[in-house]
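K.L.:
next comes the sequence, and after it the predicted model I'd like to discuss.
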Amino acid sequence: MVKILKANESHVEGISSVCIRGYWATYGESHSKEWIEKVIQDFYNH
């Protein structure tokens, strides 16, 4: 069964983790480590 919830503060770490892994999977071979880490710091610093 699928349950849809409005995200709250308890979900932040999990959402950030998925997004960070997505950045590495998408850009890991085409962009520098420094660029990826900067984007992650700018967008997913919680």
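P.N.:
Thanks, I have the structure now. Residues are numbered from 1 along each chain as shown.
K.L.:
show me where the chain has its helices.
P.N.:
Here the chain has its helices, by DSSP state H, at 12-27, 33-44.
K.L.:
report the angle between the last one and helix 12-27.
P.N.:
Orientation of helix 33-44 against helix 12-27 (axes from the mean of the first three to the mean of the last three Cα atoms, to 10 degrees) gives an angle of 150 degrees.
K.L.:
per-residue confidence averaged over helix 33-44?
P.N.:
Per-region confidence: helix 33-44 scores 92 on mean pLDDT.
K.L.:
over to the first one?
P.N.:
Averaged across helix 12-27, pLDDT comes to 94.
K.L.:
related to what we said a few turns ago, okay, the helices of the chain in a markdown table with distance to Lys6 and mean neighbour count next?
P.N.:
Any C-beta I mention is one placed from the backbone N, CA and C, and that applies to glycine too. Output for the helices of the chain, formatted as a markdown table (distance: least, Cβ to Cβ, whole Å; neighbours: other Cβ atoms under 10 Å):
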| stretch | distance to Lys6 | mean neighbour count |
| --- | --- | --- |
| helix 12-27 | 12 | 12 |
| helix 33-44 | 20 | 12 |
